[in-house]
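Asker: Task: produce atomic coordinates for the following.
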Amino acid sequence: MTDATNTPGQQDSRSAAGPESQTATAKAAQTAARITEFGADQPEHTAAPVGFAALLGVLGVVYGDIGTSPLYALRSTIEAVNGHHPIRDFEVLGVESLIFWTLLIVVTLKYVLLVMRADHNGEGGILALSSLAQRVTTSPKLRLALGMTGIVGACLFFGDGIITPAISVLSAIEGVEVSLPAAQEFILPASVIILIALFSVQWLGTGKVGTIFGPVMLLWFATLGLLGVSQILHHPGVLFAMSPYYAVMFIIHHGALSFVALGSVVLCVTGAEALYADMGHFGRAPIQYAWNFFVLPMLALNYLGQGALIMADPGSLSNPFFMMAPSALRLPLVILSTFATVIASQAGISGGFQVCRQLIQLGYLPRMRITHTNAEEEGQIYLPDFNRFLAIGATLLVLAFRSSDRLAAAYGIAVTGTFICTTMLCFVVFHRQFKWSRPAVYATFVPLLVIDAVFFSSNVLKVPDGGWVPLMLGGVLTLMMTTWKRGRSLIVARQRQDSLPMGSFLARLPQSRTIRVPGMAVFLTATPEFVPPCLLHNLKHNKVLHDHVLFVTVQNLEQPEADRGHRVAVEELAHDMYRVILRYGFMETPNIPRALEELKANGIDFDPMQSSYFISRELLARSSVTKISRWRMSLFLFMARNATPATEFFRIPTDRVVELGVKVAI
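Answerer: Residues are numbered from 1 along each chain as shown. Got it, this is the predicted structure:
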């Protein structure tokens, strides 16, 4: 994306400064003596060291979601297949085999070995993958389709981010029933209290509490493995489930019922997308090592241990995870699992903050207030408005569904929908970026897409039981994002239509007898080739122009970070008048004053305490001939009214800002 977004500056009529002139434009263009690019260099992405500290950090952030799936995945799958009939051993082996091979194929093969190779300047996640696919595509229609695929995947990721805290906390607290059946009536209130407490401390930032995440998850995964081994030793026959034979025979024997079971099997890989999304923070190697040599073995042992317990005692199906532990250790296990689910929820919330910021930078969401919770870590951010959205959504889900089993019906669609979007984008990236042949791409990703589609289709059956929640949420968010993108593009188009070309203005300026006053004025504009409306209004009302003038445009790039040395581009338009382009990737937060301080390296004496910022405050109205429907216009106006002011978003000191109202009809 090359057009600037989130920058004010529209005009509803042409200024009287003079008519457009090709000759004047050419003359003004000759005053551009030089163009220089420089800026705060971004650190190069290097391979993260695979040390104990790195692996501990990966356990605490990346694997929280998938690490808490044993709390509910196996139980939900067997109940979906077995109903109220006595469970048989070959059914347990079949379900165990399906889970084991789903972990191997979806997580190990697809994400760890394949998808994680497709990093965008070291960053991962579906938006980074979508951006990478668009960069290697020349067809405008295909670029649009790839962009929409990334947006849909991001919206489903938000649904996952709302459901994860709700189902994880509920499933952990439900473990109290095993030791204290009378405590059932306290499960719902306790879950709501924990959720409210979790979202209430987000303003502190993950760095404040992150030091305990790794050790707790290390203890959690070790506990998973030990519990599994303790049951496998009593019933080693469950190890036969590692053979794909039992998965195939289960599908053949149960037919359509096995298709229903797959809708719950996929719960064992919830959080797989986090492996890819958090790659930019930890690097590829620590995530791969942690999965292959610790997380996967511990998860497999625990699932097999639950199966061994069910085969030995079918009555344990009510809650096999907690019944694996001795009676004296069940309450401590509930406490540990609660900590683990809170950590899993924290990882999803932090990921939601990152994706939300990316969408803002890409121009799909209005500006929101972003708070950096760590002065040294760019990625540790907090979005109050988005946090409230997640908190309300998760609390409502807990109150509406009231149990983790019922909520599991809503979980699968969000996860599998994101899986499909990721696989579709991989077709383009691996063929055009990595130069794989078409047969190799098809042979690799068509089977994976078929698996994703089967999982998604099986979860579609759960739409009446709760699967409609992520679908509705994803649809509403996609509609809001496309509406905002469309509205902003109409505003920029109207600005180009109504504004005065910069060349004409500069050509007429020497004859205008404009009074120049001391100081530096910074004019923000979304279209650098046109005169900012706030400048024309300032001339109209105040009849003065500062000695030093900067025309600043923020460009949001479809890549994680601006390239090294290309943060700022400056062009001298006339004596002491400069056009400045500030470039930011979708993983960065703009800070205009800090970026402008880099102009000193180019000989421009920028003093942030002596500069005034001029901004146009848009007064939006519906034009007589509109290109947007009435209901979408209303939605766009609602989003615009609730957007964070440009001064706050761009970190501009409010005491140095002059705002001038401009009416814009779209």
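
Asker: Quick check: Gly363 is in a strand.
Answerer: No - read with DSSP: H, G, I helix; E, B strand; the rest coil, Gly363 is coil and lies in no strand.

Asker: number of nearby residues for it?
Answerer: 21 (other CB atoms under 10 Å). Every residue, glycine included, has its C-beta placed from N, CA and C.

Asker: quick one: it and Ala133, what's the gap?
Answerer: Separation of Gly363 from Ala133 (CB to CB, to the nearest Å) stands at 18 Å.

Asker: which residues does Ile78 contact?
Answerer: Ile87, Glu91, Val92, Val95, Ile310, Leu317 (CB atoms under 8 Å, 6 or more residues apart in numbering).

Asker: for the last one, helix, strand, or coil?
Answerer: Pointing back at Leu317 there. At Leu317 the chain is in helix, as set by three-state DSSP.

Asker: related to what we said a few turns ago, list just the nearest of the contacts of Ile78 to Thr149.
Answerer: Nearest to Thr149 among the contacts of Ile78, counting by CB to CB, is Val95 at 32.1 Å.

Asker: Wait, that closest one touches Glu79, no?
Answerer: No - judged on CB atoms under 8 Å, Val95 makes no contact with Glu79 at a distance of 10.3 Å.

Asker: Looking only at neighbour counts, state which of those two leads.
Answerer: Between Val95 and Glu79, counting by other CB under 10 Å, Val95 is the more crowded of the two (30 against 17).

Asker: For the more buried one, which non-adjacent residue is closest in space?
Answerer: For Val95, ignoring the flanking residues on the chain, the nearest one in space by CB to CB, 6 or more residues apart in numbering is Thr77 at 5.2 Å.

Asker: Now do the SS call for Phe523.
Answerer: Classified using three-state DSSP, Phe523 is strand.

Asker: residues in contact with it?
Answerer: Gly9, Pro532, Cys534, Leu535, Val549, Leu550, Phe551, Val552, Phe614.

Asker: Against Arg513, how distant is it?
Answerer: In this view, Phe523 and Arg513 are 20 Å apart by CB to CB.

Asker: cool, Val554 as well?
Answerer: Taking CB to CB, one finds Val554 at 33 Å from Arg513.

Asker: Between those two, tell me which one has more neighbours.
Answerer: Ranked by neighbour count (other CB under 10 Å), Val554 and Arg513 place Val554 first, with 23 against 7.

Asker: which regions of the stretch 551-666 of the chain sit below the pLDDT cut-off?
Answerer: Low-confidence segments of the stretch 551-666 of the chain, defined by pLDDT under 70: none present.

Asker: Kindly state the domain boundaries assigned to this structure.
Answerer: For the chain, the structural domains run 22-43+485-665, 52-466, going by automatic domain parsing.

Asker: which intervals of the stretch 251-400 of the chain have sub-threshold pLDDT?
Answerer: The stretch 251-400 of the chain contains residues with pLDDT under 70 at 280-281, 347, 373-380.

Asker: any chance you could map the strands in it?
Answerer: 371-372, 381-382 (DSSP state E, counting those that start in this stretch).

Asker: wait, which of those is closest to Gly60?
Answerer: strand 381-382 (18.0 Å).

Asker: What strands line up against the closest one, and which way round?
Answerer: Taking DSSP bridges as the criterion, strand 381-382 forms sheet pairs with strand 371-372 (antiparallel).

Asker: which residue ranges form the strands in the chain?
Answerer: 35-38, 371-372, 381-382, 515-524, 544-556, 568-574, 577-584, 611-621, 657-665 (DSSP state E).

Asker: Which among those strands is found nearest to Gly60?
Answerer: Once these are compared by CB to CB, strand 381-382 is nearest, at 18.0 Å.

Asker: contacts for that closest one?
Answerer: Against strand 381-382 from outside (CB under 8 Å, 6+ apart): Gln202, Trp203, Gly205, Phe353, Gln354, Arg357, Ile370, Thr371, His372, Thr373, Thr589.

Asker: ok, the fifth one - contacts?
Answerer: With contact set as CB under 8 Å, 6+ apart, Gln354 has these partners: Gly125, Ala277, Gly379, Ile381, Met587.
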